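Engineer: just to be clear, the model below is a prediction. Sequence and coordinates:
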Amino acid sequence: MNGALLGVCGVLLLAVGVLVGRWSARPRRTAGAGAGALTEASTLAALHAASLAAPPLRAGLNESTAGKSARRIRDLLGTRAVCLTDRASVLTWDGIGGDHHRAEALAQAASMLQERRAAAVPTGCHKPGCPLGWAFVAPLTVEDEVLGTLIAYGPAESAGLVRAAEEVARWISVQLELAELDRSRTRLIEAEIRALRAQISPHFIYNSLAAIASFVRTDPDRARELLLEFADFTRYSFRRHGDFTTLAEELHSIEQYLTLAGARFGDRLEVTLQVAPEVLPVTLPFLCLQPLVENAVKHGLEDSAGTSHITITAQDAGVDAIVAIEDDGAGMDPRHLGRILDGEGGPSTGIGLRNVDQRLRQVYGDGYGLVAETGVEAGMKVTVRIPKYHKGVLPSPGPAR
Amino acid sequence: MNAAYTVPAIVLVILATVLIGALGLRISRTTSDFYVASRSVNPGLNAAAISGEYLSAASFLGIAGLILVYGPNMLWYPFGFTAGYLVLLLLVAAPLRRSGAYTLPDFAEARLESRYVHRVASVFVVGVGWLYLVPQLQGAGLTMTVITGAPRWAGGLLVAAVVTVVVAAGGMRSITFVQAFQYWLKLTALLVPAAFLLVAWQTHDGHRLAYGKQLTFRERTHVTLSSPLDLSVTRPVRVTVTGDVDGRGYAGTTLDLGPGRHHVEQGARLDFAAGTPVPDTVVMSGGRADQSVDSGPQPHSLYTTYSLIIATLLGTMGLPHVVVRYYTSPTGAAARRTTVVVLVLLGAFYLLSPVYGMLARLHAPDLILTGDSDAAVLVLPARLIRGVTGELLGSLLSAGAFAAFLATTSGLTIAVTGVLTKHVLPSRGRTSWGVRRFRWVTLLATGVPAVAQVLLGDLPVADSVGMAFALSAAAFCPLLTLGIWWRRLTPQGAAAGLVVGGGSALAAVVATIVGGMDGGWWASLLGSPALWSVPLSFLVTVIVSLATQGGVPGGTEAMMRRLHTPEDPGGRPDPAAVRGAGG
């Protein structure tokens, strides 16, 4: 029994030790001895408070971020109370006097929302002993638009505090502008990904429909099958929701693509598949393999009259899956391929390869671009490495059918 | 044991494993038929693979060994090993699959959006993996000793080396077929000899099983001790001794050992006549020092039993090589079906282990004295069935045991290597998937447990497996169950639970292994930490989460919806049906 007690105590001690360790490891202000040391210490303290207040504000101005940084801002200003508002409401109040001053803070801010410069306003507080006689209001502006105000409270009118409030408000505004910048960068990346989403090629639509048309009289059943495949294929390719899909779905779409291509090329197209079933659930960017297959078909068949053999393999490699698409077609000069991947190959060549390469790098990082092995008259093998799990990469749930 | 039959059997198993690993994919999957190629692994096959990888040395050898020494009380082990999947089925399987995570750190990152928790979880995954690898290698060492007389550490190093080379060369990439094959091999290897043994036991003498009674030597038995031993005698035992007993040398003298403790030196040869009661031994090993064959209820046995049950019930969900397999299921529902089949397959397997344990109590009680109780399964056929049949059955069992080591060791090695390369060791840009780096990391993944098994010597196999389960339960059970079922979990709470719960379990396990506690509450508490560390871990997680509600990740609602919503409820319309309707 004693042992059990001791054990529990030991574990509690451990937990307390961890907490104390964390707390004590935080840098704290140290009291300096002389005047120089004092200035240095207060500068450091101000910088430290500023650095602590910044991260929440980088996420924008709202109740939660304002609440998290208000305490630090008050440290920075050295006042008894600080208030942050947006244009319509009080976001947070930090310090004393919140009970009776909070309600009128917006009224004090109201004038400032028009004037756009810092000012001192008497609060007209009649409560005895309340040290919040004056409010120092400064606007928070982003791109010339007032988002809200910072209000610091002091016992008496003071030019210094007006100045301080203005400077701090300007600093907060910079943080908010950075937040805005972050947001637009994210939006830009999203837009870029959307633009990069592979597009079904108009030639393919034309060729498929032409091939199907040729069967309508001779083999109506086949024509009907092909049309259904075509319908299914376009539904998948044109879908608008979700950026990711599973390898199984992508293979299904490739199957339809090859069936349609087969209708055009007949026996000249041979395909071998070797797919490890373990990697079928792997999530990958939508339509990132189909353009590679399209490329392989083009290289193998469109420039020659012989048969072409395409091999598609998907292997398990622990934390990654490796997909390779190989053709025995014309191949190309590796230097030319390099130029295509760098975006210098001219407008019409190999858009598919470059597009897939860019999207893979966007999603998984630069370590996961395409790897292509090729030579003139030596075919081409394109290898894609896909991590089985990557943060934020989740298949969109199946569309309502 | 006859090496002439056994060594070829083992070589055959290794060859079959490597061949299926190298060619299986090629044979079954090279096709131009997309329908065949895009069929995912069906639940039955995946379940056999999970079972094949899961049934380790502890299951194949350890449980029978424990029942030999401690009797039917140890049936809790196979119970817990199986029932862990029930908990997995009920609470975790489908949501874990839907999370899209491949490893547990992935799950932590997906659910909590925190790199920090991800890091901490990775460290514990590696810890559990290494702890679980040690007994596999020990089991291999034991088997090699029984077969060829090689020193204990040699077999472990051999298996570690084989697995390292095969995995590092890129073969046996956790291919489902290989592991499924291993399950059926193991089941056959245990089932066929068991049938022979039961028949032999019935026809020989139809002995009634003497549970709970004093074990006796059924025939004249020699025991040569490979390590010093303390015997505790309750009824006087007549024994012929060559060697040192209680500090005095004898040369073929017949002694009557009176009640009390007797110390026998290493190398002594004891000769028991038929019908002599088996003296109780004081096995000098972690946590069980004061337990003995027939001393009635062991001290703290209630505590250790409950602790074991908690560890196995809640620890299964955190085993790295098990979690990784669930990724193969295409949907949450398939993951659930897979788990049901796993329960059936494991249930069938674990019916057999106790049979061996009970037969060993009758026919091989001397193994208790030599400390080789884990070898009971391997030596039984030769004891009961004379001639070639016995030898052949013995080699079948050895082959099965090797399949167990290989399957579990390679599965764990792949899982640990994956986490090490991706999450723990720093990587710079493209080097993260360099082949050379992968090989070095594989060496690290197997090297640490290989060295550990040499240093640790003979900790009972099932004991160290129990510790791995305890660590897994304390570290990951709160993370998984609360992560799936509790919206208010915060990264801070999860990290605190991992560090305090998992950390204290890890500390207890390390203290037990290194410190060699002998007896008392301390040894029990540290040797079987699950009963206190799992609740502690839950408690810390919940309290810290409640205290840091501001930290609830923004994507919690969306993630919870994903975890609990069945994917694609309507399913894909069958193209054949669409076509048929119009044609």
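Structural biologist: Done, it's in. Numbering: from 1, shown residues only, chains lettered A, B, ... in the order given.
Engineer: roughly how far does residue A:63 sit from residue A:85?
Structural biologist: For residue A:63, the distance to residue A:85 equals 11 Å [Cβ to Cβ, to the nearest Å]. All C-beta spots, glycine's among them, are computed from the backbone N, C-alpha and C.
Engineer: residue B:531 too?
Structural biologist: From residue B:531 to residue A:85 the distance is 54 Å (Cβ to Cβ).
Engineer: who's more crowded, the two?
Structural biologist: Taking other Cβ atoms under 10 Å in any protein chain shown, residue B:531 and residue A:85 do not tie; residue A:85 has more neighbours (26 against 21).
Engineer: tell me what the helix or strand harbouring the more buried one is packed against?
Structural biologist: Here residue A:85 sits within strand A:81-86, counting by DSSP states H and E. When contacts are defined as 3 or more Cβ pairs under 8 Å, 6 or more residues apart in numbering or on different chains; DSSP states H and E, strand A:81-86 sits against helix A:63-77, strand A:90-95, helix A:98-115, strand A:145-154.
Engineer: kindly recompute the last result at 10 Å.
Structural biologist: Counting contacts by 3 or more Cβ pairs under 10 Å, 6 or more residues apart in numbering or on different chains; DSSP states H and E, strand A:81-86 is packed against helix A:63-77, strand A:90-95, helix A:98-115, strand A:134-142, strand A:145-154, helix A:159-196.
Engineer: which other helices and strands contact the longest one?
Structural biologist: Right, helix A:159-196. Packing partners of helix A:159-196 (3+ Cβ pairs under 10 Å, 6+ apart): helix A:35-57, helix A:63-77, strand A:81-86, strand A:119-122, strand A:134-142, strand A:145-154, helix A:351-364.
Engineer: could I get the helices and strands packed on strand A:81-86 as TSV with distance to residue B:468 and mean neighbour count?
Structural biologist: Output for the helices and strands packed on strand A:81-86, formatted as TSV (distance: least, Cβ to Cβ, whole Å; neighbours: other Cβ atoms under 10 Å in any protein chain shown):
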stretch	distance to residue B:468	mean neighbour count
helix A:63-77	41	20
strand A:90-95	49	20
helix A:98-115	54	16
strand A:134-142	55	24
strand A:145-154	55	24
helix A:159-196	43	15
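Engineer: residue B:388 and residue B:395, how far apart?
Structural biologist: Distance, residue B:388 to residue B:395, using Cβ to Cβ: 10 Å.
Engineer: give me the more crowded residue out of those two.
Structural biologist: Neighbours were counted for residue B:388 and for residue B:395 using other Cβ under 10 Å; residue B:395 has more, 26 against 10.
Engineer: pLDDT (mean, whole number) over whichever strand or helix holds that one?
Structural biologist: Element membership of residue B:395, judged by DSSP H and E, is helix B:387-419. Across helix B:387-419, pLDDT averages out at 86.
Engineer: now do whichever helix or strand comes after that helix and helix B:387-419, the angle between them.
Structural biologist: Next in sequence after helix B:387-419, counting helices and strands by DSSP H and E, comes helix B:435-456. Following axes from the mean of the first three to the mean of the last three Cα atoms, to 10 degrees, one obtains 120 degrees for the angle between helix B:435-456 and helix B:387-419.
Engineer: list the buried residues in helix B:435-456.
Structural biologist: B:438-446, B:448-454, B:456 (16 or more other Cβ atoms under 10 Å in any protein chain shown).
Engineer: from the contact counts, what lies against it?
Structural biologist: Counting contacts by 3+ Cβ pairs under 10 Å, 6+ apart, helix B:435-456 is packed against helix B:115-148, helix B:152-168, helix B:387-419, helix B:461-485, helix B:503-515.
Engineer: quick one, phi psi at residue A:331?
Structural biologist: Here is the backbone geometry of residue A:331 (degrees, to the nearest 10): phi 70, psi -170.
Engineer: you'd agree it is up against residue A:380?
Structural biologist: Yes - using Cβ atoms under 10 Å, residue A:331 is in contact with residue A:380, at 5.3 Å.
Engineer: common neighbours of the two, please.
Structural biologist: Common contacts of residue A:331 and residue A:380, defined by Cβ atoms under 10 Å, 6 or more residues apart in numbering or on different chains, comprise A:299-300, A:337, A:373-374.
Engineer: now name the helix or strand holding the closest residue to chain B within the stretch 101-250 of chain A.
Structural biologist: Closest to chain B within the stretch 101-250 of chain A is residue A:248: 5.2 Å, counting by Cβ to the nearest Cβ. Following DSSP H and E, the helix or strand that holds residue A:248 is helix A:247-265.
Engineer: next, the buried residues of that helix.
Structural biologist: For helix A:247-265, the neighbour count (16+ other Cβ under 10 Å) marks A:247-265 as buried.
Engineer: residue contacts, the closest residue to residue B:496 other than its chain neighbours?
Structural biologist: Leaving aside its sequence neighbours, residue B:496 sits nearest to residue B:544 (Cβ to Cβ, 6 or more residues apart in numbering or on different chains; 4.0 Å). By Cβ under 10 Å, 6+ apart, the residues touching residue B:544 are A:15, B:489-497, B:499-500, B:551.
Engineer: avg pLDDT for stretch B:488-508?
Structural biologist: Computed over stretch B:488-508, the mean pLDDT rounds to 93.
Engineer: quick check, residue A:382 in a strand?
Structural biologist: Yes - membership of residue A:382 in a strand is supported by DSSP: H, G, I helix; E, B strand; the rest coil.
Engineer: residue 143 - how many residues pack around it?
Structural biologist: Reading this off chain A. Residues lying near residue A:143 (other Cβ under 10 Å) number 9.
Engineer: hm, I was asking about chain B
Structural biologist: Using other Cβ under 10 Å, residue B:143 has 30 other residues around it.
Engineer: residue A:78 too?
Structural biologist: The tally of other residues near residue A:78 (other Cβ under 10 Å) stands at 14.
Engineer: quick check: closest non-adjacent residue to it.
Structural biologist: Sequence neighbours aside, residue A:164 is the residue nearest to residue A:78 in space, at 7.9 Å (criterion: Cβ to Cβ, 6+ apart).
Engineer: before we move on, what about residue A:390?
Structural biologist: Closest residue in space to residue A:390, ignoring its immediate chain neighbours: residue A:364 at 5.7 Å, by Cβ to Cβ, 6+ apart.
Engineer: please apply the same query to residue B:122.
Structural biologist: Distances taken as Cβ to Cβ, 6+ apart place residue B:423 nearest to residue B:122, at 3.9 Å, with adjacent residues excluded.
Engineer: quick check: the one you found touching residue B:124?
Structural biologist: No - counting by Cβ under 10 Å, residue B:423 sits too far from residue B:124 to count as a contact (11.2 Å).
Engineer: which residues are in contact with each of the two?
Structural biologist: Common contacts of residue B:423 and residue B:124, defined by Cβ under 10 Å, 6+ apart, comprise residue B:105.
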